[in-house]
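Visitor: no letters, just coordinates:
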């Protein structure tokens, strides 16, 4: 049995899910899922993303045998404020945004801040995963914000939509950081998720790094000024 197949089986059992339940969530038959757990069949990208959601784990952690990057409470608190204020300024007229687009906007703010100041806004490291670049903490933080009702998460077709439930705290963000978040949100207002995904995947940090690899902030400094966040 492959490492990923064993991880899938262990996580499924730990979550208290049957093979049939996971197969239904993936839209495949139980025998097909059994072959995945046995390491006899590989997941396609769509199945991989769905499975990560069902098992409540990031796609990167499911694919790669990597340790979580330690973060202190201060760092996560500021990161939460970055996410919440990105929601405040980055959603469309209906007040919603896809979880993927939200992650991209946060990434652009963090790396654009580094471009100008040579220090990251969040202090977190980003990894190149299929939904990425995102910090390992992103999925955990989104879950925590949902659990404390700071945000609402709903499903619309294949996309997960995120909505802000209250005015966000910005006490750990400087006026300049908040201004950049607002500016980037305005730039991408009304644009589709695919557009921002294509944009970030066309940047050097994504092009140079390998799947699962930590993305050095320094790579963004090699971009043209007009290709940092718009």
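Guide: That came through, no problem. Everything numeric in this text was worked out from a predicted model, so none of it was measured.

Visitor: phi first, then psi, for the nearest residue to residue 133 once chain neighbours are set aside.
Guide: Setting aside the residues directly before and after it, residue 133 is nearest to residue 126 in space (CB to CB, 6 or more residues apart in numbering), at 4.2 Å. From N, CA and C alone the C-beta is placed, and that goes for glycine too. Main-chain dihedrals, residue 126, degrees, to the nearest 10: phi -110, psi 140.

Visitor: for this structure, name the helix or strand with the lowest mean pLDDT.
Guide: None of the helices or strands of the chain scores lower by mean pLDDT, DSSP states H and E than helix 59-63, at a mean of 72.

Visitor: output the contacting helices and strands for it.
Guide: Identification of packing neighbours for helix 59-63 by 3 or more CB pairs under 8 Å, 6 or more residues apart in numbering; DSSP states H and E yields helix 3-14, helix 45-54.

Visitor: give the next helix or strand downstream of it.
Guide: Downstream of helix 59-63, the first helix or strand assigned by DSSP states H and E is helix 73-90.

Visitor: neighbouring strands of whichever helix or strand comes after that next one in the sheet, and parallel or not?
Guide: Moving toward the C-terminus from helix 73-90, the next helix or strand (DSSP H and E) is strand 96-98. Using DSSP bridges, the strands paired with strand 96-98 are strand 159-164 (antiparallel).

Visitor: which strands and helices sit next to the helix or strand just after the strand it pairs with?
Guide: Downstream of strand 159-164, the next assigned helix or strand under DSSP H and E is helix 175-187. Applying 3+ CB pairs under 8 Å, 6+ apart, one finds that helix 175-187 contacts helix 73-90, helix 99-117.

Visitor: which residues touch the shortest one?
Guide: Outside of helix 73-90, the residues within contact range by CB atoms under 8 Å, 6 or more residues apart in numbering are 71, 97, 101-102, 105-106, 109-110, 121-124, 135, 137, 141-142, 144-145, 150-151, 162-164, 167-173, 177-178, 181-182, 184-186, 188-189.

Visitor: show me the domain layout of this structure.
Guide: The chain breaks down by automatic domain parsing into domains covering 3-57, 73-227.

Visitor: which parts of stretch 133-148 are buried?
Guide: For stretch 133-148, burial by neighbour count (16 or more other CB atoms under 10 Å) applies to 133-142, 145.

Visitor: I misspoke; the intended subject was stretch 77-89.
Guide: By neighbour count on 16+ other CB under 10 Å, the buried set for stretch 77-89 is 78-89.

Visitor: find the nearest non-adjacent residue to residue 48, please.
Guide: Of all residues not flanking residue 48 in the chain, residue 59 sits nearest, at 6.1 Å (CB to CB, 6+ apart).

Visitor: so that neighbour touches residue 46, yeah?
Guide: No: applying CB atoms under 8 Å as the test, residue 59 and residue 46 come out as separate, 11.5 Å apart.

Visitor: residues near the residue nearest to residue 48, how many?
Guide: Neighbourhood size, residue 59 [other CB atoms under 10 Å]: 22.

Visitor: the residue most distant from the middle of this structure, which is it?
Guide: For the chain, the residue at maximal distance from the C-alpha centroid (CA atoms, centre = their mean) is residue 31, at 30.7 Å.

Visitor: which SSE is it in?
Guide: Element membership for residue 31 (DSSP H and E) is helix 30-37.

Visitor: what are the buried residues along that helix?
Guide: Under the neighbour-count criterion of 16+ other CB under 10 Å, helix 30-37 has 33, 36-37 buried.
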